[in-house]
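> Next one to model:
(one chain, ligands or ions: 1)
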Amino acid sequence: MEAQPLLTPYQMGRFQLAHRIVMAPMTRSRSYGNVPQPHAALYYSQRATKGGLLITEATGVSDTSQGYPETPGVWTEEHVEAWKPIVDAVHAKGGIFFCQMWHCGRASDDSYQPNGQTPVSSSDRRITLEVGEGGEPLNYPTPRKLTLEEIPQIVNDFRLAARNAINAGFDGIEVHAANGYLIEQFLKDGVNDRADKYGGSLENRARFCLEIVQAIIDEIGADRVGVRLSPFLDLLQCSDSNPDALAVYMAEALSKLNIAYLHGIEPRMVRVDGKMMIPHALLPMKKAFKGTFIVSGGYDREEGNKVVAEGYTDLVAFGRRFLANPDLPKRFELNAPLTKYDRSTFYTQDPVVGYTDYPFLQA
Ligand SMILES: Cc1cc2nc3c(=O)[nH]c(=O)nc-3n(C[C@H](O)[C@H](O)[C@H](O)COP(=O)(O)O)c2cc1C
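Got it, this is the predicted structure:
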């Protein structure tokens, strides 16, 4: 068997990883009423390996944080109790399990909000997209700009949710500061038009994110905190005029906080000579961050092995391939063919179909 960089062990702070294949966070919309369900225990444990790092789907920190159907929360005691058997199932297989936490901000509408209230954001700039990634119609309302007095409450929601996640047994949490959701709505100047200490300069736009990370660190310890960033994407119309500066600024600031890892998402793949290529834009970010670095976005076995071998990253997270191949590390080890993911069931709500029914390799 050829030696593969992805299959070499790695010490991520307090966590001994047996390999470098991480399961990327993926929303699955099967947590009815925002309560994690027993079928999630099967789904995640199918993908757990001894010493393998798994990150959950984005999980809400409060009743104002939601923006998609049937996504889980971690802000009530009921949520914590419901997560426990799921975490236990992953731990039973020796997996290391981080809970990704989000607030959707303006990527929500009144139907997801308590008392039908208006979703909040860094500004009152609305998402004007009319069609989603999957071709679904979109109609986002104009959000309400958070007041200075309200911001500490949201920071506190993240802190309490992190405590809840640890109480549920998670090994750590990942702050979702990517993909156009609330934290990124503060980070990027394409959305953030504030004139107070949370807007304008890079330092000011980063303040909300860094306050959240610091509050969580104070609550659960820096060695259990990861942060996910996507400076080079413009999902949900969240773009920045200088993503390179944003990437390096955040990496330096988070480096000082000694968090467990920084998780960067690549820009969209580009077509070069007819072949889809990953732009590999994250090297300056990785260099500016002294802790563990995770990359994701379009990686396969070959490209993942290459970037680990080159020292471009420490770990590689796989999304769609892990979704469709519960035994992905085993398949990589054997260079076995992969099952193709079925996009049509990414966000459907069946407890089995497109979720726990993807096949394992035959013995
Ligand atoms: C069904 C699905 C749900 C996703 N949900 C999330 C999410 O909850 N949080 C997040 O940070 N990224 C989410 N993503 C993005 C993935 O984590 C990953 O960045 C993306 O799929 C690109 O990586 P890949 O090419 O390995 O799939 C989602 C992707 C998919 C396909």
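> gap between the residue nearest to residue 194 when sequence neighbours are not counted and the ligand?
Nearest non-adjacent residue to residue 194, counting by Cβ to Cβ, 6 or more residues apart in numbering: residue 122, 6.0 Å away. In short, each C-beta sits where N, CA and C put it, glycine included. According to Cβ to the nearest ligand atom, to the nearest Å, residue 122 and the ligand sit 19 Å apart.
> how much space between the closest residue to residue 159 other than its chain neighbours and residue 129?
Counting by Cβ to Cβ, 6+ apart, residue 215 is the residue found nearest to residue 159 once chain neighbours are left out, at 4.1 Å. Distance, residue 215 to residue 129, by Cβ to Cβ, to the nearest Å: 31 Å.
> Can you get me a residue count around residue 116?
Neighbour count of residue 116, defined by other Cβ atoms under 10 Å: 9.
> For the closest residue to residue 119 other than its chain neighbours, give me the pLDDT.
Among residues not flanking residue 119 along the chain, residue 108 sits closest, at 4.0 Å (Cβ to Cβ, 6+ apart). pLDDT recorded at residue 108 is 98.
> can you check residue 133 too?
For residue 133, the model assigns a pLDDT of 80.
> element containing it?
Using DSSP states H and E, residue 133 maps to neither a helix nor a strand.
> what's the burial count for residue 261?
Using other Cβ under 10 Å, residue 261 has 26 other residues around it.
> Phi first, then psi, for the closest residue to the ligand within the stretch 201-350 of the chain.
Taking Cβ to the nearest ligand atom, the ligand has its nearest neighbour within the stretch 201-350 of the chain at residue 319, 2.7 Å off. Phi and psi for residue 319, reported as degrees, to the nearest 10, are phi -100, psi -90.
> I'd assumed residue 26 was in contact with it.
Yes: between residue 319 and residue 26 there is a contact under Cβ atoms under 8 Å: 5.7 Å.
> Name the residue in those two with the higher neighbour count.
Set residue 319 next to residue 26 and count neighbours by other Cβ under 10 Å: residue 319 wins out with 19 against 16.
> Name the nearest residue to that one, ignoring sequence neighbours.
For residue 319, ignoring the flanking residues on the chain, the nearest one in space by Cβ to Cβ, 6+ apart is residue 24 at 3.9 Å.
> same thing with residue 145?
Counting by Cβ to Cβ, 6+ apart, the residue nearest residue 145 is residue 124, at 4.8 Å.
> Pretty sure residue 144 is one of the things that neighbour touches, is it not?
Yes: between residue 124 and residue 144 a contact is recorded at 6.6 Å, counting by Cβ under 8 Å.
> Spell out which parts of the stretch 101-250 of the chain neighbour the ligand.
176, 178-179, 228 (Cβ under 6 Å from any ligand atom).
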